[in-house]
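Asks: Provided below for reference: sequence and predicted model.
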Amino acid sequence: MRTRPIIALSAAALAVLALAGCSSQAAPSASPTTTAAADLCTAKVAAGTASDAVKVTGDVGKEAKAEFDKPLEVKTLESSIVTEGTGAKLRAGDLVKFALTEFNAKTGAKNGAIGQGESSLLPQQISANSILGQVLGCAGVGTRVVAAIPGDQTNPASVDIVDVLDIVPNAAWGTAVAPQDGFPAVKLASDGTPSVTLPKTDMPTAFKKETLKRGDGEKVAAGDAVLVQYSGVSWNSGKTFDKSWGGQPFSFQVGQGVVKGFSDAVTGETVGSQVLAVLPPSVAYGEGKINEKDLKGQTLVFVVDILGVQHNTAQ
């Protein structure tokens, strides 16, 4: 089972059903400007003959049913509003939680459905130049649209029913937990960006972590795809060497594509949580292996905000 257009062409470029991997691409700032809402409204494509020809049934947030004459000819991207939501309006840079049901425009066969109920789907950061932004525009939470999406050499044209479920905060929202002794201290800016003060003690030689905020969302397990904000500080130099703040949150599959300690930091934690993890070289970039030269042999401190999880149902 697969879904292609909204997911594969949106900002996160995540193969959502296969959980084969993730990639980060350039995206608008997570802090929208005053014109962001207007720009997103303008970005929405118009309804057309193809999208208007689709009859959609079912409740918003539930798997949708679609009826249309087959084959449905889709020449350009079109989007028709089925249900207009009354919740908060989308703005460029927002993280959108949504559900998707997709059908083959030629045969009418269902390609797949994801995001409904227990079928989790990573939030996507919306922008005016993404397919998701062009399909939804500045729709309110609770909106359902039907999108007719042209095909290409590898993917047939499709009919996608998209439900806007929520706008996800771009920083951890969980309940604060008292920090543990011996860990670096974390101070948060008004937008949630963390700064780290290292204790005047010897660097730890073993991995350790603490939960600074405990979220109320789903638990992260090995193999899941996770969306996070993070900031990384070298204990050796005291300097921040990498961060997602000010750009697009980072998505990855737990156990793949990142150092072991980064996966260990989020494993067993819940969505909405903020975690501080200390990574000695053994679970970071090692002592003698081929790795990122500047971080070789260094002990790293990560502050990680867990914004979303997509479970690996293939496990």
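Replies: Received, thanks.
Asks: Tell me, what's the model's pLDDT at residue 311?
Replies: Note for residue 311: predicted pLDDT of 88.
Asks: Check residue 76 too.
Replies: 95.
Asks: number of nearby residues for it?
Replies: 13 (other Cβ atoms under 10 Å). C-beta here means a position set from N, CA and C on the backbone, and glycine is covered the same way.
Asks: Residue 131 now?
Replies: Residue 131, neighbours per other Cβ under 10 Å, totals 21.
Asks: Wait, it touches residue 79, no?
Replies: No. In this structure, residue 131 is not within contact of residue 79 by Cβ atoms under 8 Å, at 9.9 Å.
Asks: Is residue 41 in contact with residue 137, as I believe?
Replies: Yes. With contacts counted by Cβ under 8 Å, residue 41 reaches residue 137, the gap being 5.3 Å.
Asks: neighbour-wise, which of the two wins?
Replies: Neighbour totals were compared for residue 41 and residue 137, and residue 137 leads with 22 against 15 (other Cβ under 10 Å).
Asks: Residue 94 versus the more buried one, what's the distance?
Replies: Here the criterion is Cβ to Cβ, to the nearest Å. By it, residue 137 lies 12 Å from residue 94.
Asks: and what of residue 299?
Replies: Taking Cβ to Cβ, one finds residue 299 at 36 Å from residue 94.
Asks: Counting neighbours, go ahead and name the busier of these two.
Replies: More crowded of residue 299 and residue 94, by other Cβ under 10 Å: residue 94, with 27 against 22.
Asks: check contacts around that one.
Replies: Taking Cβ atoms under 8 Å, 6 or more residues apart in numbering, we find residue 94 in contact with 32, 125-126, 167-168.
Asks: Please enumerate the strands of the stretch 201-315 of the chain.
Replies: 208-214, 225-234, 240-243, 250-253, 274-279, 300-310 (DSSP state E, counting those that start in this stretch).
Asks: of all those, which lies closest to residue 71?
Replies: strand 300-310 (31.6 Å; Cβ to Cβ).
Asks: Could you figure out how far the closest one is turned away from strand 208-214?
Replies: Angle, strand 300-310 to strand 208-214, by axes from the mean of the first three to the mean of the last three Cα atoms, to 10 degrees: 50 degrees.
Asks: strand partners of strand 300-310, parallel vs antiparallel please.
Replies: strand 225-234 (antiparallel), strand 274-279 (antiparallel) (DSSP bridges).
Asks: which one of those strands is the most hemmed in?
Replies: Comparing the strands paired with strand 300-310 by mean neighbour count (mean count of other Cβ atoms under 10 Å), strand 274-279 ranks first with a mean of 25.
Asks: Send me it as CSV with only the CA atoms.
Replies: Extracted in CSV, the C-alpha atoms of strand 274-279 (Å, rounded to 0.1, in the frame of the first residue of the first chain):
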residue,chain,number,x,y,z
GLN,A,274,11.6,17.6,26.0
VAL,A,275,14.6,15.4,26.8
LEU,A,276,18.2,16.3,27.6
ALA,A,277,20.7,13.6,26.7
VAL,A,278,24.5,13.4,27.3
LEU,A,279,26.3,11.3,24.7
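Asks: Please enumerate residues in contact with it?
Replies: 171-172, 174, 183-184, 186, 194, 196, 204, 207-213, 235, 259, 261-262, 264-266, 269, 299-306.
Asks: from the residues you listed, which would you call buried?
Replies: Buried by 16 or more other Cβ atoms under 10 Å: 171-172, 174, 183-184, 186, 194, 196, 207-213, 235, 259, 261-262, 264-266, 269, 299-306, out of those.
Asks: Could you chop this structure up by domain?
Replies: Domain segmentation of the chain under automatic domain parsing yields 5-168, 175-310.
Asks: for the last one, the distance to its chain's centre please.
Replies: The chain centroid and the centroid of domain 175-310 are separated by 17 Å under Cα atoms, centre = their mean, to the nearest Å.
Asks: can you pull the contacts of residue 185?
Replies: 179, 196-197, 199.
Asks: With residue 97 instead?
Replies: Per Cβ under 8 Å, 6+ apart, neighbours of residue 97: 115, 121, 123, 164-168, 308.
Asks: Residue 294: which of the residues you listed is nearest?
Replies: For the contacts of residue 97, the nearest to residue 294 is residue 308 (29.9 Å; Cβ to Cβ).
Asks: thinking the closest one is in contact with residue 224, fair?
Replies: No. Counting by Cβ under 8 Å, residue 308 does not reach residue 224; the two are 10.0 Å apart.
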